Every structure is written in C-alpha cells, then in structure tokens.
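Undergrad: pasting the sequence and the predicted coordinates here, then a few questions.
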Amino acid sequence: MPIESHATQKWIDFLISGWISDLQSFYLADKPLPMIKFTALLILACVIIACQPSKKETGVSSVAPTLKIKWQTDSVLTTAESVIYDTKNDILYVSNINGVPDAKDGNGFISKVSLDGKVTDLKWVTGMDAPKGMGIYGGKLYVADIDRVHEIDIASGKILNTYVAEGAKFLNDIASGTDGKIYISDSGASEVLVLEDGKINKWLTNQPNPNGLLVDGNNLMIALWDAKTLNSIDMTSKEGTLKTDSLDNPDGIEPVGDGGYFVSSWNGMVHYVSPDWKSTLVLDTRGDSVGAADIEYIPSKKMLLVPTFYKNSVVAYDVK
Ligand SMILES: [Ca+2]
Ligand SMILES: [Ca+2]
C-alpha cells in the first residue's frame, strides 16, 4: 500500500474516533462538539482552496532590453531623419533632409551605409528636397518628401516615378504593406494616405499630427505626435485603439520580434513597449542633445539604428 493511502486511512480513523468521542460527550454531558466543528472547518478549507482560480498563464514575460553602443557613422549624414534596412542587399539607406524639414531646396539625398557603420555612398540618390520616411517593396524604395513620394529603383539608384500628393502639407513616415500598398503619414494635414496603382489617395483622416507608421499584420500602428500616443488601426474596419500614451515626440515604430516595439522620441529617447503595452525608457540621449528620429531595428542582428537628426549621423546599438 502506498504511504499516502496509509496516512489518509490514519486521518479518517482519527476523525471518526473524534466524532464518536464528541457524540458521547454531547449525550452524556451536553458539551460542545469540538471534533465535528474541526472536521467542518477542514472541509470548508478544502472547498475554499479547490475554488481558488488557477494562476493565469502569462507566457514568457517581456523584459525591457538593454542597449549598448556599437558604432557611429561619420557626421556627414546631414539632418538624418530615417534609416531603413534592405534585407536583400544587406545595406542601410539613410534619408538626409539637409536643411529645414519643409524647405523645397532641392538638396535632400539618400545615403548608403554598411552594417559596420561606413558611409559607402553618401549621395546615392539625389534630386529631392527634404526626404524623410522610407519603405521598401518589390525592389523599389519609396521616400516621403514634403508633398511628394519618390519611387526609386534600388538596383540602379534612379528615381523611376515621383507621385504628387495633392493638398499634402508635411509627409513624414512611410510603411509598406505586404500587398504592395504604401502608407504615408501627413503630419501637417493630420491624415494617412495610401499609394496604390500609381495614385495617392486619402486612407484615414482626423489623425492629429501623425508621424511613425508600421504595418503589423492586419494593423497599422500609428504614432500621434501631439497626443504622445501609440495607436493600432484595424486595417479592415479602420477602427483605432489607443495602446500606449506618454510617449514624447513619437517618431519611429519598430517591431522587436517578441510582440513588443521600439518607439523613438525625436528629441532623443527610445522606449520599449511590451506586448502588454507598458513602456520602458531604454535610451536617453537628450542630455547630449542627440536626437532619435525614425529608427530601424534588425531582429536577426539585434541591432537598433538611430538617426540623430541634427547630429548628422546614425548610431547603432547592440540590443540584449
Ligand atoms: Ca533639404
Ligand atoms: Ca518621422
């Protein structure tokens, strides 16, 4: 007989002998029934324990990563606004506003930067004013440029098309969908536009001062500058949900790969937003007046790339 069953039998014997003793006491001397009361309490305790909800399975908890500087480019990337990683060609593209962010000065350009921080082709693509957000789809690089979107052939570095966004005020970020649709935030007009079949149309209005965009599954993640929020827009219903607030000057949004995101603050911060939408500050360069504009994260290399805007460089961080 297993020892547990033997112990159980001893408990039952103990309780029964106690009840008999209680009943004898009750009939003989009209005394209270301590053993029966004890048994009732024991049963009640067992019922309470059994009714406790089991602990909720929360899966692997997300801990905010730590960042360690890896390299910094030379300070030749004038007013560096955005970085994007071209997986196919294993190279980074950096957009350089080169001057005032809304000036039609014709001097903006795109640079090529290697994964070890060398500026391999400073003026790879020229002929722009103030290039900002970028997206890649089908061998083309799309670049937002105040009120136009350029379509660059990556293989040749030539601008194939320039699409004018009628009425646009300050195009900012770009996010490419898996279906080839190119979403563009217009910070000045508080709208999100879409480039599709060679035409730019309005996709969503009344989005106060939108900046960073990210297509994530069937959601368009959108950072609203004035509200300091990260929001999720269901791309089918176009219904928006506020996810995280208190993010100063939110600029770039990047998926980390664990269900969380990195969100940059243009004035020099990066927050990690966990899968349950809690934000943790993981980088703060405000003290040195180093900006953090439209960031890039490469999960396979665990590398975060931060364009420093007025510091004219890109800084890479190892993420642990
Ligand atoms: Ca410029
Ligand atoms: Ca931006």
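TA: Ah, there it is. Numbering: from 1, shown residues only. Ligands and ions are numbered 1, 2, ... in the order given.
Undergrad: what is the burial count for K68?
TA: Residues contacting K68 under the criterion other CB atoms under 10 Å number 8. Glycine gets a C-beta too; all of them are placed from N, C-alpha and C.
Undergrad: could you do E166 as well?
TA: Quick note: E166 (other CB under 10 Å) scores 9 neighbours.
Undergrad: what of D90?
TA: Counted with other CB under 10 Å, D90 comes out at 11.
Undergrad: which residues touch it?
TA: Counting by CB atoms under 8 Å, 6 or more residues apart in numbering, D90 touches L115.
Undergrad: kindly report the same for G260.
TA: G260 neighbours (CB under 8 Å, 6+ apart): S62, Y272, V273, S274, P275.
Undergrad: if any of those residues are buried, give me the ChimeraX selection for them.
TA: Buried members of these, defined by 16 or more other CB atoms under 10 Å, are picked up in ChimeraX with:
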select :62,272,273,274
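Undergrad: where is pLDDT lowest across the contacts of G260?
TA: Ranked by pLDDT, the contacts of G260 bottom out at S62 (75).
Undergrad: that one: what secondary structure?
TA: With DSSP: H, G, I helix; E, B strand; the rest coil as the basis, S62 sits in coil.
Undergrad: is it true that it touches S274?
TA: Yes. Judged on CB atoms under 8 Å, S62 makes contact with S274 at a distance of 4.3 Å.
Undergrad: shared neighbours, the two?
TA: G259, G260.
Undergrad: pLDDT wise, what is T8 at?
TA: 45.
Undergrad: how about the residues of the stretch 101-250 of the chain near ligand 2?
TA: N172, D173, N211 (CB under 5 Å from the ion).
Undergrad: in TSV: these, plus pLDDT, secondary structure and distance to V263.
TA: Formatted as TSV, these follow (pLDDT from 0 to 100; DSSP: H, G, I helix; E, B strand; the rest coil; distance: CB to CB, whole Å):
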residue	pLDDT	secondary structure	distance to V263
N172	98	strand	15
D173	98	strand	12
N211	98	strand	10
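Undergrad: got a winner among those residues for most neighbours?
TA: Of those, with other CB under 10 Å as the count, D173 tops at 29 neighbours.
Undergrad: ok, that residue - contacts?
TA: 82, 132-133, 144, 184-185, 210-213, 251-252, 294.
Undergrad: which among the residues you listed gets closest to ligand 1?
TA: In terms of CB to the ion, no member of the contacts of D173 lies closer to ligand 1 than K132, at 10.4 Å.
Undergrad: for D251, see how far away the closest one is.
TA: As for K132, its distance to D251 is 10 Å (criterion: CB to CB, to the nearest Å).
Undergrad: with T244 instead?
TA: 14 Å.
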